[in-house]
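In: the sequence isn't on hand, but the structure is:
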């Protein structure tokens with residue numbers, strides 16, 4: 001069975017998963033795949049993921065993060081892009097911006113409490129009190145959904 005043509009979400013997930021597994025070669029291959037896509041979200045993800053992989057300067061990653069942060073057309077999509085931003089900024093050594101992205105995602109529709117609790121790309125953020133506060137807030141939101 002052949003995989004479908006790459007799409008932004010799949011290619012970005014490949015970069016994320018490769019980073020999670022500390023497989024930077026696979027992450028770079030996924031980044032090259034992502035770079036073949038011609039859309040605004042793909043171009044921003046290439047910049048952001050490229051920064052996390054050391055293939056783009058900090059300014060490029062920050063620029064991409066800010067553009068993703070300011071997306072407003074679809075709250076869930078924007079929140080998901082912010083989740084990716086959190087991972088890439090944390091991986092790239094920008095914990096303050098990663099926390100900012102986390103807060104921005106939580107201010108939208110973030111409900112992924114398992115991601116907050118277990119994604120090792122977020123390990124460098126867990127000691128920040130804002131991370132714990134955000135995790136509690138997201139847990140309350142997720143619990144409210146399950147109670148309905």
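Out: Received the coordinates, thanks. Model, not experiment: these values are computed from the prediction.
In: okay, now residue 76: neighbour count?
Out: Per other CB atoms under 10 Å, the neighbour tally for residue 76 reads 11. All C-beta spots, glycine's among them, are computed from the backbone N, C-alpha and C.
In: now it. Nearest residue, chain neighbours left out?
Out: Distances taken as CB to CB, 6 or more residues apart in numbering put residue 109 closest to residue 76, at 5.2 Å, once the chain neighbours are dropped.
In: what's the helix or strand for that neighbour?
Out: According to DSSP states H and E, residue 109 maps onto no helix or strand at all.
In: now the phi/psi pair for it, please.
Out: phi -130, psi 20 (degrees, to the nearest 10).
In: again with residue 74
Out: According to degrees, to the nearest 10, residue 74 has phi -140, psi 110.
In: pull out the buried residues from the longest helix seen in the chain.
Out: Among the segments of the chain that qualify as a helix by DSSP state H, the longest is helix 129-147. If you call a residue buried by 16 or more other CB atoms under 10 Å, then helix 129-147 has these buried ones: 131, 134, 135, 138, 142.
In: for the residue nearest to residue 76, the count of nearby residues, please.
Out: For residue 109, using other CB under 10 Å, the count is 17.
In: so how far is residue 81 from it?
Out: With the distance defined as CB to CB, to the nearest Å, residue 109 ends up 12 Å from residue 81.
In: tell me the contacts of residue 24?
Out: 18, 53 (CB atoms under 8 Å, 6 or more residues apart in numbering).
In: ok, back up a step: okay, the residue nearest to residue 76: pLDDT?
Out: pLDDT, residue 109: 90.
In: wait, doesn't it sit right on residue 75?
Out: Yes: using CB atoms under 8 Å, residue 109 makes contact with residue 75 at a distance of 5.2 Å.
In: circling back: how far is the longest helix of the chain from where the chain is centred?
Out: Relative to the chain's own centre, helix 129-147 is displaced by 18 Å; criterion: CA atoms, centre = their mean, to the nearest Å.
In: any idea of the mean pLDDT in that helix?
Out: 94.
In: kindly report the same for stretch 48-66.
Out: 95.
In: hmm, who's touching it?
Out: Contacts for stretch 48-66 (CB under 8 Å, 6+ apart): 12, 15, 19, 24, 27-28, 30-31, 34, 44-45, 47, 68, 84-85, 87-89, 91-92, 94, 97, 101.
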